[in-house]
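Novice: 3D model of this:
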Amino acid sequence: MKILSSIAIWWHTLEGVEKFFWAVAILFSFMFVVQTVMSFIGGDDDGTFGDSDDYVDGDGGIDYQFFTIKNFITFFTVFGWVGLACLQGNLPMLHVILWSTLSGVIIVLIMFFLFSRMAKLRASGTLQIQNALQKQAETYLRIPGLRAGYGKVHIRVQGSLRELRALTDDDDDIPTGKPVTVIGIVNESILLVTSKTKI
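Specialist: Predicted coordinates:
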């Protein structure tokens, strides 16, 4: 009770502007901590205002959303604490608003840049299976002829060696170690290959 009483007394000693900045700083700092904890336990979906925070747009590019709840909380957390620091420094109110707003925007822009870069790195590591077309591969597991079953091939795509499932329209099975050429994509995930030298 003494703690609550002390807090109440302290609160009543504050001026209106100080109350505003303390309220913003405390509220959004609490939300920031909750959001951070949720992100570690997998419960943070980083929603946006009106849309989900998707990294990949319709053209296959990167579209990290700027107006997210995460950025909103971050902005006001920084805004509140910088505003309090400026008030403690006895800066004019115009400067307090200017510096607190500018600081919030700068931090959000830094986050925007960092997460955009992270999204691009993730996207560059994601396999675009169309890049395998017309490439040479080596049979890893026997591929039954006439699409009678799946085999596997080793193929270098996007700078790394990958092991992918494969089918063939060839009459005969393609044995392990046989070079093949990718001539198509089946169901957007399976390579269609042939061991014939002329397609």
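Novice: end-to-end on stretch 139-152?
Specialist: Taking CA to CA, to the nearest Å, stretch 139-152 runs 6 Å from one end to the other.
Novice: Which residues does that stretch contact?
Specialist: Contacts to stretch 139-152, defined as CB atoms under 8 Å, 6 or more residues apart in numbering, come from residues 153-154, 163-180, 190, 193, 195. For every residue, glycine as well, the C-beta is placed using N, CA and C.
Novice: out of those residues, which are inside helices?
Specialist: Judged by DSSP state H, the subset of the contacts of stretch 139-152 located in helices is empty.
Novice: and those residues, which are buried?
Specialist: 153, 164, 166-168, 170, 173-174, 178, 180, 190, 193, 195 (16 or more other CB atoms under 10 Å).
Novice: Need the residues that contact stretch 70-80.
Specialist: Applying CB under 8 Å, 6+ apart, the contact partners of stretch 70-80 are 21-29, 31-32, 35, 44, 46, 49, 100-101, 103-105, 107-108, 111-112.
Novice: right, and the secondary structure at I183 would be what?
Specialist: strand (DSSP: H, G, I helix; E, B strand; the rest coil).
Novice: That one contacts K196, doesn't it?
Specialist: No - using CB atoms under 8 Å, I183 is not in contact with K196; the gap is 9.2 Å.
Novice: Tell me which residues touch T168, please.
Specialist: Contacts for T168 (CB under 8 Å, 6+ apart) come out as I143, P144, G145, L146, R147, G151, I174, V180, L192, V193, T194, S195.
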